[in-house]
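Participant: Okay, sequence plus prediction incoming.
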Amino acid sequence: MKKMISLLLALTLALTLCACVTPKTPMPIEDGDKSAAQPVTVRLGGLKGPTSMGMVKLLDDAESGATENGYAFTMAASANELTPQLVQGELDIIAVPANVAAILYNQTEGGVELLAAGTLGVLYMVEKGGETVTDVASLSGKTIYATGKGATPEYALTYLLSQHGLTLGTDVQVEWKSEPTEIVALMAEQENAVAMLPQPFVTVAQGQVEGLRVALDLSAEWDKLDNG
């Protein structure tokens with residue numbers, strides 16, 4: 001039987017989804033106790049930002065000895081750092097963008113199992129030095145700093161722009177960066193800058209960049225389309 005690798009798109013804060021992760025092969029049990037499985041160390045991987053925030057309570061509980069199993073956590077800046085470790089069996093569960101999950105499923109011919117999609121509504125458009133961004137259409141002619149090229153942020157932005165008659169790369173330019181912290185540093189140095197950031201980096205930026213404001217909640221803009 002093909003070994004299934006557990007894949008987690010995003011964990012909820014309470015991590016109740018962990019109860020749904022079960023190995024395909026029964027866990028070994030002690031001869032003297034047929035009712036309980038042996039504790040194991042679950043190897044988790046997550047990205048910097050909202051995809052890993054839901055793991056905080058679990059990891060804190062594990063460190064204090066409040067969980068039955070142990071948990072080892074690997075944090076990465078890019079999904080490309082985690083996916084090879086998952087496929088090679090070095091990680092058991094990873095939190096990555098939805099499109100990465102789909103790619104993994106196809107590449108492994110179903111050897112990756114989707115557990116849940118739980119990180120929603122975390123992308124915002126922020127602006128420093130003005131109030132020129134008032135809706136999606138007002139992004140026309142602007143250059144945006146952003147992370148997530150080739151992942152959910154790029155696809156979401158592309159679709160939102162298209163629904164307002166704009167084309168990414170033509171009407172709206174994007175300078176893609178590898179990490180949100182790099183964007184926060186750029187916003188601090190430049191005037192009249194616009195960026196697409198996920199939480200909690202929006203809050204971080206508000207504390208570090210004077211004159212920065214939240215211009216658009218992209219989840220709210222998506223809801224306005226009323227098309228699913």
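Facilitator: Noted; the coordinates are in hand.

Participant: ok, now which ones touch residue 183?
Facilitator: For residue 183, the contact set (Cβ atoms under 8 Å, 6 or more residues apart in numbering) comprises 145, 146, 147, 177, 195, 197, 201, 205. From N, CA and C alone the C-beta is placed, and that goes for glycine too.

Participant: Excluding chain neighbours, give the residue nearest to the most centrally placed residue in the chain in space.
Facilitator: With distances taken as Cα atoms, centre = their mean, the residue of the chain nearest its centroid is residue 51 (3.7 Å). Leaving aside its chain neighbours, residue 51 sits nearest to residue 95 (4.2 Å; criterion: Cβ to Cβ, 6 or more residues apart in numbering).

Participant: ok, now residue 175?
Facilitator: Sequence neighbours aside, residue 145 is the residue nearest to residue 175 in space, at 5.3 Å (criterion: Cβ to Cβ, 6+ apart).

Participant: in a strand, that's where the one you found is, yeah?
Facilitator: Yes: according to DSSP: H, G, I helix; E, B strand; the rest coil, residue 145 belongs to a strand.

Participant: Low-confidence stretches in this protein?
Facilitator: The chain contains residues with pLDDT under 70 at 1-37, 118-120, 228.

Participant: before we move on, the earlier item: for the residue nearest to residue 175, list the residues it contacts.
Facilitator: With Cβ under 8 Å, 6+ apart, residue 145 has these contacts: 174, 175, 177, 183, 186, 187, 193, 194, 195, 196.

Participant: ok, 10 Å please
Facilitator: 126, 174-177, 180, 182-184, 186-187, 190, 193-197 (Cβ atoms under 10 Å, 6 or more residues apart in numbering).

Participant: Just the ones in helices from those residues, please.
Facilitator: 180, 182, 183, 184, 186, 187 (DSSP state H).

Participant: out of the residues you listed, which are buried?
Facilitator: 180, 183, 184, 186, 187 (16 or more other Cβ atoms under 10 Å).

Participant: Which one of the residues you listed is nearest to residue 214?
Facilitator: residue 187 (12.5 Å; Cβ to Cβ).

Participant: Would it be right to say that residue 43 lies in a helix?
Facilitator: No: looking at residue 43 with three-state DSSP, it is strand, so not inside a helix.

Participant: For the chain, which segments are assigned as helices?
Facilitator: Ranges of helices within the chain are 50-53, 56-63, 79-87, 98-107, 152-162, 180-189, 201-208, 218-225, based on DSSP H.

Participant: Need these in CSV (columns: distance to residue 40).
Facilitator: Below are those laid out as CSV (distance: least, Cβ to Cβ, whole Å):
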stretch, distance to residue 40
helix 50-53, 21
helix 56-63, 12
helix 79-87, 17
helix 98-107, 23
helix 152-162, 31
helix 180-189, 33
helix 201-208, 33
helix 218-225, 37
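
Participant: from memory residue 154 sits against residue 172, does it?
Facilitator: No: using Cβ atoms under 10 Å, residue 154 and residue 172 do not qualify as a contacting pair, with a distance of 11.8 Å.

Participant: Before I go, just wanted to say thanks for your time.
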